[in-house]
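> What follows is a protein structure lacking sequence information:
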């Protein structure tokens, strides 16, 4: 895929601890990137994959608050929820993240906003779960699109071997 | 909605790779088939211990062994490995998709602010 953006998302799946880390830079200062994460009217504009709409039921963005939203597309919908553990303006958001169909697969998320100067921000989002199984459930929960076909293919490969 | 049996198998793949010795074996097998004796050589462990690790990798579908009783070379099932890489890549692409939308949203926010300050 060719695009004009110079900021490709980087992903790190740690082999030693069950975490997934995503790193991405933005041409906007931390204040703005932080606001896009903490104002539900702005967040819903970009949250979730293409073709999926986010509807917030709760969004109480403060230390000790919580959130819950429905994500819906043409042939799928699901609920996600979590708690805001720590909100430090323009610096960090620490929250839990859970796809409600897999209640044990709770991820602890740390989203850091790093000021790179010149109106740029590096966003580092780290999701940690309590087991490798939990991480797999978490990876799968973010991939509703095509997840079943992926499992089926894996099934086929494993059965053939 | 997710096939649980298949999900368990994927977990087997991930947990098989959670062990550093097994990851190292997989890395070595990526450059070609090897026998159990070959694989045991660089480690300070018995052939039995290596066989145990191989069984975990075999159960997860990551490696296979030929039925040639004499040598029984171990073979990496690259397709299973590729599938995992694809899963991670798909997750990355979804994040990238979201962040491109955020790029666009951030640009609108700048414009709004400029308008406000006029």
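Noted; the coordinates are in hand. Keep in mind it's a predicted model, so treat the numbers as computed, not measured. Residues are numbered from 1 along each chain as shown, chains lettered A, B, ... in the order given.
> Buried residues of stretch B:66-77, list them for me.
Residues of stretch B:66-77 classed as buried by neighbour count (16 or more other C-beta atoms under 10 Å in any protein chain shown): B:73-74, B:76-77. Heads up, the C-betas are built off the backbone N, CA and C, glycines and all.
> now it, how far from the chain's geometric center?
22 Å (C-alpha atoms, centre = their mean, to the nearest Å).
> now, among the buried residues of stretch B:66-77, which is nearest to residue A:82?
residue B:77 (36.9 Å; C-beta to C-beta).
> Not counting its own residues, what contacts stretch A:99-119?
Applying C-beta atoms under 8 Å, 6 or more residues apart in numbering or on different chains, the set of residues contacting stretch A:99-119 from outside is A:25, A:27-30, A:33-34, A:37, A:78-82, A:85, A:90-98, A:121-130, A:134, A:137-138, A:140-141, B:1.
> repeat that for 7 Å
The set of residues that contact stretch A:99-119 without belonging to it, under C-beta atoms under 7 Å, 6 or more residues apart in numbering or on different chains, is A:25, A:27-30, A:33-34, A:37, A:78-81, A:90-98, A:121-129, A:134, A:137-138, A:141, B:1.
> gap between it and the chain center?
In terms of C-alpha atoms, centre = their mean, the centre of stretch A:99-119 is set 6 Å apart from its chain centre.
> just the strands in chain A please.
If you assign secondary structure with DSSP state E, the strands in chain A sit at A:10-13, A:19-26, A:53-59, A:66-72, A:77-88, A:92-99, A:107-117, A:120-128.
> quick one: which of the ones you listed is nearest residue B:35?
For residue B:35, the closest of the strands of chain A is strand A:10-13, at 30.5 Å, according to C-beta to C-beta.
> what are the pairing partners of that closest one, and which direction each?
Sheet pairing for strand A:10-13, assigned by DSSP bridges, gives strand A:19-26 (antiparallel).
> Let me see the mean pLDDT of the partner strand.
Over the span of strand A:19-26, the pLDDT mean works out to 90.
> hmm, who's touching it?
Residues from elsewhere that reach strand A:19-26 (C-beta under 7 Å, 6+ apart): A:7, A:9-13, A:33, A:116, A:120-128, A:135, A:139, B:95, B:99, B:103, B:106.
> give me that answer again for 6 Å
Defining contact as C-beta atoms under 6 Å, 6 or more residues apart in numbering or on different chains, one finds that strand A:19-26 is touched by A:7, A:9-13, A:33, A:121-128, B:95, B:99.
> residues of that strand that come out buried?
Within strand A:19-26, the residues that qualify as buried are A:19-20, A:22-26, counting by 16+ other C-beta under 10 Å.
> What of stretch B:55-65?
Going through stretch B:55-65 with 16+ other C-beta under 10 Å, the ones that come out buried are B:56-58, B:60-63, B:65.
> One more: stretch A:91-104?
Of all the residues in stretch A:91-104, those buried under the rule 16+ other C-beta under 10 Å are A:93-99, A:102.
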